[in-house]
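Q: Fold the following, please.
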Amino acid sequence: MDNAVYVALGRQAGLRDEMRLVANNVANMSTAGYRREATLFSEVIARLPVEGGSVSMSRARVRVTDFAPGIAEATGGALDLAIDGSGFFRVETPAGERLTRAGAFLQRADGSVATAEGHVLLDAGGAPVVLPPGASEIAVGADGSVSVDGRPAARLGLVAPADGAALIRETGQLFEATGPVEPVETHLRQGFLEGSNVSPVTELARMIAVQRAYEAGQRALEQEDQRVRTAVRTLAGTA
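A: Reported below is the predicted structural model:
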């Protein structure tokens with residue numbers, strides 16, 4: 001295959017992957033605690049079998065998560081919690097402990113506090129948060145202290161990875177810390193939920209830019225195909 005085609009196809013593949021991320025960001029604009037993703041392109045230089053020859057190609061190798069905070073909106077829910085500042089909630093999933101910024105929790109029949117997906121919220125010591133069933137009033141302080149009907153019941157703690165880059169994204173709201181985590185200063189807002197940090201205007205502009213770049217790459221491939229066909233016909237006619 002011609003080098004020009006390799007270069008164009010590599011770029012098209014990267015643009016396709018970026019469009020998928022943009023579309024996923026748009027689909028999660030209303031998802032509490034969602035963090036937008038972007039693609040980081042890198043240059044790949046391949047040697048050619050000629051002296052001093054090389055070809056430069058782009059490749060979408062890294063997916064980058066934007067951890068900028070979203071806007072907190074009032075809900076009035078007793079177990080709706082928004083983090084004001086840095087840090088993550090700790091939740092227990094079937095795959096192990098995970099971190100999340102999504103603070104929409106509910107109390108299950110056994111008293112445990114969990115997400116809608118069933119991931120149990122953990123306290124500052126890493127134990128499941130369990131509240132007395134049938135409570136009439138649940139209060140969560142800014143410091144993470146939880147009281148039920150005026151009596152202390154639990155204490156939440158926020159954590160962050162010791163190495164800021166040691167986070168692996170799983171679903172749109174869950175992250176796995178590949179290294180140790182450490183406590184961060186807790187500042188919670190009860191009755192609020194942190195929205196996604198996706199900007200509709202930014203994502204729409206990016207979607208248009210990616211679409212136009214993809215169309216330009218497609219035209220380049222068609223022109224290259226036409227050039228090759230013309231060359232073959234010319235050489236065949238002179239043979």
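Q: The helix or strand where residue 226 lies - contacts with which helices or strands?
A: Assessed by DSSP states H and E, residue 226 sits inside helix 200-238. Applying 3 or more C-beta pairs under 8 Å, 6 or more residues apart in numbering; DSSP states H and E, we find helix 200-238 packed against helix 3-27. Every residue, glycine included, has its C-beta placed from N, CA and C.
Q: could you give the mean pLDDT of the helix it packs on?
A: The average of the pLDDT scores along helix 3-27 is 80.
Q: now the angle from that helix to helix 200-238?
A: 160 degrees (axes from the mean of the first three to the mean of the last three C-alpha atoms, to 10 degrees).
Q: buried stuff in helix 3-27?
A: Under the neighbour-count criterion of 16 or more other C-beta atoms under 10 Å, helix 3-27 has 7-8, 10-12, 14-15, 17-19, 21-22, 25 buried.
Q: Show me which pair in these is furthest apart.
A: The largest separation in these, counting by C-beta to C-beta, is between 7 and 25 at 27.5 Å.
Q: C-terminal to the helix or strand of the chain with the lowest mean pLDDT, what's the next element?
A: One helix or strand of the chain scores below all others by mean pLDDT, DSSP states H and E: strand 54-65, with a mean of 68. Per DSSP H and E, strand 54-65 leads on to strand 72-74 as the next helix or strand towards the C-terminus.
Q: what packs against the very next helix or strand once past that following strand?
A: Later in the chain than strand 72-74, the nearest helix or strand by DSSP H and E is strand 81-83. On a contact count with 3+ C-beta pairs under 8 Å, 6+ apart, strand 81-83 meets strand 188-190, strand 192-194.
Q: Sheet partners, orientation included, of the last one?
A: Meaning strand 192-194. The strands that strand 192-194 pairs with in its sheet are strand 72-74 (antiparallel) (by DSSP bridges).
Q: buried residues in the partner strand?
A: Buried, per 16+ other C-beta under 10 Å, within strand 72-74: residue 72.
Q: what sits against residue 179?
A: 161-163, 166 (C-beta atoms under 8 Å, 6 or more residues apart in numbering).
Q: Would you mind giving the secondary structure of it?
A: At residue 179 the chain is in coil, as set by DSSP: H, G, I helix; E, B strand; the rest coil.
Q: Look up how far residue 178 lies from the residue nearest to it when sequence neighbours are not counted.
A: Once flanking residues are discounted, residue 179 sits nearest to residue 166: 4.0 Å by C-beta to C-beta, 6 or more residues apart in numbering. According to C-beta to C-beta, to the nearest Å, residue 166 stands 5 Å off from residue 178.
Q: between these two, who's got more neighbours?
A: Counted by other C-beta atoms under 10 Å, residue 166 and residue 178 do not tie: residue 166 has more neighbours, with 14 against 11.
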